[in-house]
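[1] Build the 3D model from these lines:
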Amino acid sequence: MALWGTRDNFSITGTISTTNTSSTVTGSNTTFLTQLDIGDTIQFAGGKRIKIASIASNTSLTLEQAWSTANLSASTIVGQDTPKYVTQAEVLANNIIGLDATETGVTANRAKGLVTPGWTKYTTYTDMHSVTRHKSEILTTGVLSSDANDDTVAADS
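    Numbers count the residues shown, from 1 in each chain. All right, here's what the predicted structure looks like:
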């Protein structure tokens, strides 16, 4: 992943513990919410890496599979970024938008940051100040057909 400008391995602050056959990791003085993302991995003793399924708080996260060896308490924790993929739920929720060159010139699209022809992941969320924000992430760029046939699910603005 470092090839893409992100970290391969990185240290996680604090200490963690987990027990045999549990998928819950408990942290002490950790900042899971800012240091990790769902889909990243944590490297445990012996080099074993397990993917993170969910992050409940700065001190609690859930692994995709249960820890399968003796109980663990570690003061050195290593995380690893992993590629993030578009989920089927995002596609079904119409968060993935295909834009041709004409559509990127539409004022309403430009205001949302949808300015590059290709496939874009678009989300709307409310920040901690109760302000509605719009975020667009370019997934691929390229020339898409400018016909109206691709607009049957979501018409042009």
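
[2] got the residue ranges for the strands in this protein?
    For the chain, applying DSSP state E gives strands covering 9-12, 15-18, 24-28, 41-43, 49-57, 60-63, 72-74, 77-80, 96-99, 118-126, 132-141.

[3] Turn these into TSV, including mean pLDDT.
    Rendered in TSV, the data for the strands of the chain read as follows (pLDDT from 0 to 100):
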stretch	mean pLDDT
strand 9-12	79
strand 15-18	82
strand 24-28	89
strand 41-43	83
strand 49-57	89
strand 60-63	92
strand 72-74	63
strand 77-80	73
strand 96-99	78
strand 118-126	82
strand 132-141	80
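
[4] Now render those strands as JSON lines, adding distance to residue 35 and mean neighbour count.
    No exception for glycine: its C-beta is placed from N, CA and C like everyone else's. Output for the strands of the chain, formatted as JSON lines (distance: least, CB to CB, whole Å; neighbours: other CB atoms under 10 Å):
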{"stretch": "strand 9-12", "distance to residue 35": "5", "mean neighbour count": "14"}
{"stretch": "strand 15-18", "distance to residue 35": "12", "mean neighbour count": "18"}
{"stretch": "strand 24-28", "distance to residue 35": "10", "mean neighbour count": "17"}
{"stretch": "strand 41-43", "distance to residue 35": "10", "mean neighbour count": "19"}
{"stretch": "strand 49-57", "distance to residue 35": "10", "mean neighbour count": "14"}
{"stretch": "strand 60-63", "distance to residue 35": "11", "mean neighbour count": "18"}
{"stretch": "strand 72-74", "distance to residue 35": "15", "mean neighbour count": "15"}
{"stretch": "strand 77-80", "distance to residue 35": "7", "mean neighbour count": "18"}
{"stretch": "strand 96-99", "distance to residue 35": "27", "mean neighbour count": "19"}
{"stretch": "strand 118-126", "distance to residue 35": "21", "mean neighbour count": "14"}
{"stretch": "strand 132-141", "distance to residue 35": "20", "mean neighbour count": "12"}
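
[5] Quick one: closest of those strands to residue 111.
    Using CB to CB as the measure, strand 132-141 is the one of those that comes nearest residue 111, at 8.3 Å.
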